[in-house]
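*Asks:* Below are the sequence and a predicted model; questions follow.
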Amino acid sequence: MASNTRSQATTSTSDTSTTPPTAKPVSVLFVCLGNICRSPMAEGTFRAVTNFDTDHPHPLISRIDSCGTGAYHAGDQPDPRTLSVLAAKAGITTYRHKARKIKVPSDFLEFDYVLAMDEDNMIDLRDMMKRARKKGVVDARQQEEATRKVCFYGRFGGKAEDEEVQDPYYGGRNGFEIAYEQVERFGRGLLKHIEAQAAEDGK
C-alpha cells in the first residue's frame, strides 16, 4: 500500500470549505496491466492532488490505491522511470507502493471508482466480473453495481471520454512524461467531478 506522498508542485486547488458536511467520502482504485507504470503514477499523482498523505487531506477522499489486471510484477516497486517522472514533474519523492493484482470480487465491491488506463484494462475488468458471476462468486446485482464503477480514467479531464493512457513500459522516458501529463489532468478532473457530485447529493 502506498504511503507518505507529498508534492511540491501538484497540490489541490479545491476549496474544501464548500464540501457538504454530510457528503460521503469515496474510494478510488487505479488499474493498468502490471501496476508498475501507469496506475501507480495515477495513484501517486492523485494522492498529491488531494493532499491525501498530509495533515489536511481532502475530506471527500477516503482511500486511494492501484493495482494491475495481471500479476506479472506482483510485489515489485514502481518502474524507476515512473518514480523519476513523479519526482521531476511534481516533486513527489516519498511515494511507495508494491504491485499487486486486482482482487476479485472485493476490490470491485469495496471501491467506488475503478479506473482503467486503456481499453484492454477495461475489457479485462468487466470480463473478470462476468466470470465471477458465472462461478457464483457474485450475484447479478453485485455484477451490475461493479460494472458501473468501471470506466476510463480519461473520462475525467480527458480530451475525449475514452482517452487512453498508453503503456510506456517498452519505450523511453518521454512516454512516462506523456502519461504523467495525462494522469495529472485526469486527477484534477476526477476531483472536480467528485466535488460536484457531493454538492449535488447535498442539495
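*Replies:* Looks like it came in fine.
*Asks:* Quick check: phi and psi at residue 68.
*Replies:* Residue 68 has phi and psi values of phi -120, psi 160 when expressed as degrees, to the nearest 10.
*Asks:* all helices of this structure, in order?
*Replies:* 38-49, 80-90, 106-110, 119-134, 140-149, 173-201 (DSSP state H).
*Asks:* Tell me which of those helices lies nearest to residue 69.
*Replies:* The closest of the helices of the chain to residue 69 is helix 119-134. By Cβ to Cβ, the value is 4.2 Å. Heads up, the C-betas are built off the backbone N, CA and C, glycines and all.
*Asks:* chain center to that closest one: distance?
*Replies:* Relative to the centre of its chain, helix 119-134 is centred 17 Å away, using Cα atoms, centre = their mean, to the nearest Å.
*Asks:* Using neighbour counts, pick out the buried residues of it.
*Replies:* 121-122, 124-126, 128-129, 132-133 (16 or more other Cβ atoms under 10 Å).
*Asks:* Over to stretch 179-197?
*Replies:* Neighbour-count burial for stretch 179-197 flags 179-180, 182-191, 194-195 (criterion: 16+ other Cβ under 10 Å).
*Asks:* mean confidence for it?
*Replies:* Within the predicted structure, the mean pLDDT of stretch 179-197 is 98.
*Asks:* How far does it sit from its chain's centre?
*Replies:* Relative to its parent chain, stretch 179-197 has a centroid offset of 10 Å by Cα atoms, centre = their mean.
*Asks:* Quick check: beta-bridge partners of the residue most central in space within the chain?
*Replies:* Centroid-nearest residue in the chain: residue 30, 2.8 Å away (criterion: Cα atoms, centre = their mean). Using DSSP bridges, the bridge partners assigned to residue 30 are residue 66, residue 115.
*Asks:* pretty sure it is in contact with residue 66, am I right?
*Replies:* Yes: using Cβ atoms under 8 Å, residue 30 makes contact with residue 66 at a distance of 4.1 Å.
*Asks:* Are there residues contacting both of these two? Which ones?
*Replies:* When Cβ atoms under 8 Å, 6 or more residues apart in numbering defines a contact, the residues bordering residue 30 and residue 66 alike are 39-40, 42-43.
*Asks:* okay if I get those as TSV plus neighbour count, distance to residue 25 and pLDDT?
*Replies:* Converted to TSV, the shared contacts of residue 30 and residue 66 look like this (neighbours: other Cβ atoms under 10 Å; distance: Cβ to Cβ, whole Å; pLDDT from 0 to 100):
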residue	neighbour count	distance to residue 25	pLDDT
39	32	21	98
40	30	22	98
42	30	19	98
43	27	17	98
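*Asks:* So which of those is the closest to residue 173?
*Replies:* Nearest to residue 173 among the shared contacts of residue 30 and residue 66, with distances taken as Cβ to Cβ, is residue 40, at 16.0 Å.
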